[in-house]
Structure formats: structure tokens, C-alpha cells
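Asks: Could you work out the structure for the sequence below:
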Amino acid sequence: MLVLTRKPRQQIMIGDNIIINVVEVQGENVRIAIEAPREIKIYRGEIYRAIQEENKNAAAFGEIDLHKTKE
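Replies: Now for the predicted structure:
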């Protein structure tokens with residue numbers, strides 16, 4: 001894990017095409033903006049874990065994968 005200290009309006013680059021912008025810091029809250037290609041799925045951690053759990057439960061019952069998008 002990489003831990004960085006950033007100030008508002010500073011960025012973090014991930015590879016060549018993902019940019020994390022620090023928008024605002026208020027107390028313990030940090031607002032960020034993420035610029036990434038449309039094909040990169042971005043989820044909050046708790047939402048991603050809920051999707052994974054639903055997929056696991058659906059697989060146990062032979063249902064569809066909720067993480068997949070229509071193409």
C-alpha cells in the first residue's frame with residue numbers, strides 16, 4: 001500500500017490514464033475527483049463489497065452476475 005499526503009488541487013496519477021484529484025479537505029473528510037476511461041469501473045469500497053457478496057449469493061443459486069454490464 002502506498003500512503004501519500006496531498007493538498008487540495010494536487011493530483012495522484014495511476015498509470016497513464018487515471019488521475020485522482022484532491023478537491024477539498026474538511027476535517028476528516030476528503031473530496032476527490034477521479035478521471036478514468038469509461039471502461040474502468042469505479043466503486044466506493046462498501047458498494048464493491050456488496051456487489052461481490054450479491055454475486056457470490058447469486059452464483060450459489062445459479063443466477064446472473066450483477067457486476068457484468070450489458071454490452
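
Asks: pull the CA atoms of the lengthiest strand in the chain into CSV?
Replies: Ranked by residue count, the top strand of the chain under DSSP state E comes out as strand 18-26. Extracted C-alpha coordinates of strand 18-26, given in CSV (Å, rounded to 0.1, in the frame of the first residue of the first chain):
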residue,chain,number,x,y,z
ILE,A,18,-6.2,7.6,-14.3
ILE,A,19,-6.0,10.9,-12.3
ILE,A,20,-7.1,11.3,-8.7
ASN,A,21,-7.7,15.0,-7.9
VAL,A,22,-8.0,16.2,-4.3
VAL,A,23,-10.9,18.6,-4.4
GLU,A,24,-11.4,19.6,-0.8
VAL,A,25,-10.4,18.6,2.7
GLN,A,26,-12.7,19.4,5.6
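
Asks: packing partners for it?
Replies: For strand 18-26, the elements it packs on are strand 11-14, strand 29-35, judged by 3 or more CB pairs under 8 Å, 6 or more residues apart in numbering; DSSP states H and E. Just so you know, the C-beta spots here come from the backbone N, C-alpha and C atoms, and that holds for glycine as well.

Asks: Output these as JSON lines; include the columns mean neighbour count.
Replies: Listed next are those as JSON lines, based on neighbours: other CB atoms under 10 Å:
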{"stretch": "strand 11-14", "mean neighbour count": "12"}
{"stretch": "strand 29-35", "mean neighbour count": "11"}
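
Asks: Which of the ones you listed sits closest to A58?
Replies: Closest approach to A58 among those (CB to CB): strand 29-35, 27.6 Å.

Asks: Give me the neighbour count for Y48.
Replies: 13 (other CB atoms under 10 Å).
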